[in-house]
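Q: Using only what follows, build the 3D model:
(one chain, ligands or ions: 1)
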Amino acid sequence: MSSSTVLGVSSTPYLEVSSKRTTPLATTSSALLSLPLADKSHFNALIATSSVAKPLGFGNGGGSGFGFKQSLTFVPSAIATPNTVLSEEAFKRLGEFSENSGSLDGSDGDEDYESQTESDEDELAISKLGLPGRLAESLEKRGITHLFPIQRAVFEPALQGRDLIARAKTGTGKTLAFGIPILKRLTEGYEQAISLRRSRLPKVLVLAPTRELARQVEKEIKESAPYLNTVCVYGGVSYNTQQNALSRGVDVVVGTPGRIIDLINNSSLKLGEVEYLVLDEADQMLAVGFEEDVELILENLPPKRQSMLFSATMPSWVKKLSRKYLDNPLNIDLVGNQDEKLAEGIKLYAISTTATSKRTILSDLITVYAKGGKTIVFTQTKRDADEVSLALTSIIASEALHGDISQHQRERTLNGFRQGKFTVLVATDVAARGLDIPNVDLVIHSELPNDPETFVHRSGRTGRAGKEGTAILMFTSSQRRTVRSLERDVGCKFEFVSPPAVEDVLESSAEQVVATLNGVHPESVEFFTPTAQRLIEEKGTDALAAALAQLSGFSRPPSSRSLINHEQGWVTLQLTRDSAFSRGFMSARSVMGFLSDVYPTAADEIGKIHIIADDRVQGAVFDLPEEIAKELLNKQIPPGNTISKITKLPALQDDGPSSDNYGRFSSRDRFSRGGGSRFSRGGARGGARGGGSMDRRGFRSSRSWGSDDEDGFSSSRGGRSFRSGNNRGSRFSTSSDDDWLIGGSRSSRSSSRDSSRSFGGACFNCGKSGHRASECPN
Ligand SMILES: Nc1ncnc2c1ncn2[C@@H]1O[C@H](COP(=O)(O)OP(=O)(O)OP(=O)(O)O)[C@@H](O)[C@H]1O
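A: The predicted structure follows:
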């Protein structure tokens, strides 16, 4: 068995699979379901593929499935670890391996696969699992006709009584993965019982970290096995109802730790007969803060029980810690360490924002990316959740959800959201884990999450059960590095995008309005038809366009916005220079030099400057207040230069040219964490720090320093709010998030109106600093 693995496959003889050749789908579902039943010391892992996805109606690709490869294959021992089944990482490697190899009998694997798939689908059907009739019936009634992959992987070992640690991506059906085998056992047990005691004690305890999640698990179990008595216990509501329910005899208790402890302490909840324990969101349940409570609860459970841990994230410390509570657990990991941790159907975007532009961008993102569907916006603090929700409400119906809101209101809000009464839920991480709300199209992280796990869970509120969804991460320029490490930790890639252009927002708004027109009652339409006819005769399509504009909330033209930081009232211009005319490279200084020559007011009022990333283009983009931009565009400019208003940003250099002195101070990360760095910005900028009395640019530069921590990584940890940004909210503070600010010597530039002082930019003519092109000795 050196390079081969021996697998026990239900009643069939052991099957030896060489590591060079595999059997495409020789055994499929039966293998999956029965593998752990066999002599466990003999098998390492099993690779399941689209035969898993297909019967589930996920198809083989198109982003809708779970990303399984085309065939079922077995893992050579080199890849699998003992007590580990079904790693998707292993799937991938072995998928390739099996695709290149023939089947053992030399037949064409694909044919075998197709012919085999038909019967697999059958075997995997809920109706073929040997479930008690009423359980199978209620599952099927709910549309659960086939097991999902994690459910298949867990089914047999769970029935065998193994302790488990199971990881599978968000929205892949982990609740029923533990639910189905437990309910099977429970139902079978009760079918043998003559009658059920009214005072029976719970056999199953499921712990969840939040009340909403506990309620949801309760619902899933109740709907799957309505004939059992399932009681949910959680804080924030009266004890009476829960105590009464428990006293009537109970089979399954689902709850949050705090209330469970209270009920144990007042003797309303007795856990002495629990046979099955589940920790949902196990990594959170065992994290600091929860673990003590969990431990306390476990002390009340019989030592002989089956324990199962489930989560979409399972940091290694959880596995270590869980040894305390589990007996020789089987690891079932459908995620894999090297692979992307997010569900397959989630499209990821990242967008750089500033504190002040955040809210405008937020509502634009919702308009453009959710297209009228449901959105969850995650904030760092409760206050942020309230404020963002309030701010959005004037544009889009939205509600806040967080821990300070009364439990009844929390439930009303969640129900309203589920039912589509409003489309935007603004929540703290109380909603990050587990919540299964159908058709959430968009998740927005309005602030960086505290850790990669939270990112995975928050994002996982969309793209569930094989559906597609979008997650957008908003970050400030100082957090760019953290975003990169997030990519590494989660194994994902963001598409970095600019804020939606005004045109896109208008178009999406119009589309949404058009979609709502179908809902207008025909009788109402009749009332308006004569007026509509008259209007069309008088104004043609303009009449309808005006109606759409009004309904979209754009009865006035939207004010222009910077493409760089999305600030209203600003425009982004592009300056390019013919290579024949170029001297030296394009830098922030040379842009300043150019503007000082052509239109000094523009140099005074300029916002951000970025150099175009394309090496073949000598160019930069920069922001100007709308009126000044208009003036500038009417000015005569030196030959070989082109200046224009743009509607889409070209690719930009991240940190500015390294040879530019200003670039040295460009990465705010350098300052945001190091405290009193020797690159003291204040010093470098001519004492701008704290310079509230300085002129505008000096002031701006001082703000950019001062806000470093507020918008930096520490903000996500410390729960800074939009408000902190907004309180600083003059348009000048917006520039405080500059990727790199133009003013290596802002204080000196700020005096450019006073020509007697030295000129801080570079000459546009010769590229040297210290003088203007008009004063150029060359
Ligand atoms: N076999 C199945 N067939 C059809 N739908 C299913 C099946 N199993 C689960 N579902 C549905 O899939 C959705 C996601 O399931 P669930 O909430 O259990 O996911 P999860 O893996 O626990 O997600 P999270 O990690 O976010 O908690 C639910 O709506 C559930 O009813």
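
Q: The ligand contacts on the stretch 151-300 of the chain?
A: 151, 168, 170-176 (C-beta under 6 Å from any ligand atom). For the C-beta atoms, the positions are set from N, CA and C on the backbone; glycine is no exception.

Q: ok, of those residues, which one's closest to residue 629?
A: Lowest distance from residue 629 to these (C-beta to C-beta) belongs to residue 170, with 45.0 Å.

Q: Next, count neighbours for the closest one.
A: 25 (other C-beta atoms under 10 Å).

Q: so what's the backbone phi/psi at the spatially closest residue to it that is not a sequence neighbour?
A: In space, and not counting its chain neighbours, residue 170 is closest to residue 460: 2.4 Å by C-beta to C-beta, 6 or more residues apart in numbering. Backbone dihedrals for residue 460, given as degrees, to the nearest 10, come out at phi -70, psi 0.

Q: wait, what's in contact with residue 460?
A: For residue 460, the contact set (C-beta atoms under 8 Å, 6 or more residues apart in numbering) comprises 169-171, 312, 342-343, 346.

Q: mind redoing it with 10 Å?
A: When the contact criterion is C-beta atoms under 10 Å, 6 or more residues apart in numbering, the partners of residue 460 are 169-172, 312-313, 341-343, 346, 432-436, 440, 443, 469, 471.

Q: Ok, residue 449 next?
A: Counting by C-beta under 10 Å, 6+ apart, residue 449 has contacts 378, 380, 429, 432, 455-459, 473, 482, 486, 716.

Q: With respect to the ligand, which of the residues you listed is nearest?
A: Using C-beta to the nearest ligand atom, the shortest approach to the ligand within the contacts of residue 449 belongs to residue 457, at 6.6 Å.

Q: pretty sure the closest one is touching residue 430, no?
A: No. Under the contact definition of C-beta atoms under 10 Å, residue 457 does not touch residue 430, with a separation of 11.4 Å.

Q: Report the set of residues contacting both of these two.
A: Shared contacts of residue 457 and residue 430, defined by C-beta under 10 Å, 6+ apart, are found at residue 378.

Q: my hunch is that residue 630 is in a helix, does that hold up?
A: Yes. The assignment for residue 630 (DSSP: H, G, I helix; E, B strand; the rest coil) places it in a helix.

Q: any idea how far it is from the ligand?
A: If you measure residue 630 against the ligand using C-beta to the nearest ligand atom, to the nearest Å, the figure is 51 Å.

Q: now swap in residue 331 and tell me
A: Summarising the geometry, the distance separating residue 331 from the ligand, computed by C-beta to the nearest ligand atom, is 17 Å.

Q: Secondary structure element for that residue, which one?
A: Per DSSP states H and E: residue 331 is located in strand 330-333.

Q: what pairs with that strand, and is each one parallel or antiparallel?
A: Strands flanking strand 330-333 in the sheet, each with its direction: strand 84-85 (parallel), strand 164-167 (parallel) (DSSP bridges).

Q: which helices and strands sit right next to the helix or strand just after the last one?
A: Read that as strand 164-167. If you walk from strand 164-167 toward the C-terminus, the next helix or strand you reach (DSSP H and E) is helix 174-192. Taking 3 or more C-beta pairs under 10 Å, 6 or more residues apart in numbering; DSSP states H and E as the contact definition, the neighbouring helices and strands of helix 174-192 are helix 133-141, helix 149-159, strand 164-167, strand 204-207, helix 211-224, strand 252-255, strand 276-280, strand 306-311.

Q: CA atoms only for helix 174-192, dumped as CSV, please.
A: The C-alpha coordinates for helix 174-192 follow below in CSV (Å, rounded to 0.1, in the frame of the first residue of the first chain):
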residue,chain,number,x,y,z
LYS,A,174,-24.1,23.0,7.8
THR,A,175,-27.2,23.3,9.9
LEU,A,176,-28.8,20.3,8.2
ALA,A,177,-25.4,18.6,8.1
PHE,A,178,-25.8,18.0,11.9
GLY,A,179,-29.6,18.3,11.8
ILE,A,180,-30.4,15.4,9.5
PRO,A,181,-28.4,12.6,11.3
ILE,A,182,-29.4,13.8,14.7
LEU,A,183,-33.1,14.1,13.7
LYS,A,184,-32.9,10.6,12.1
ARG,A,185,-31.6,9.1,15.4
LEU,A,186,-34.1,11.0,17.5
THR,A,187,-37.0,10.1,15.3
GLU,A,188,-36.1,6.5,15.1
GLY,A,189,-35.8,6.4,18.9
TYR,A,190,-39.2,7.9,19.4
GLU,A,191,-40.8,5.6,16.9
GLN,A,192,-39.8,2.7,19.2
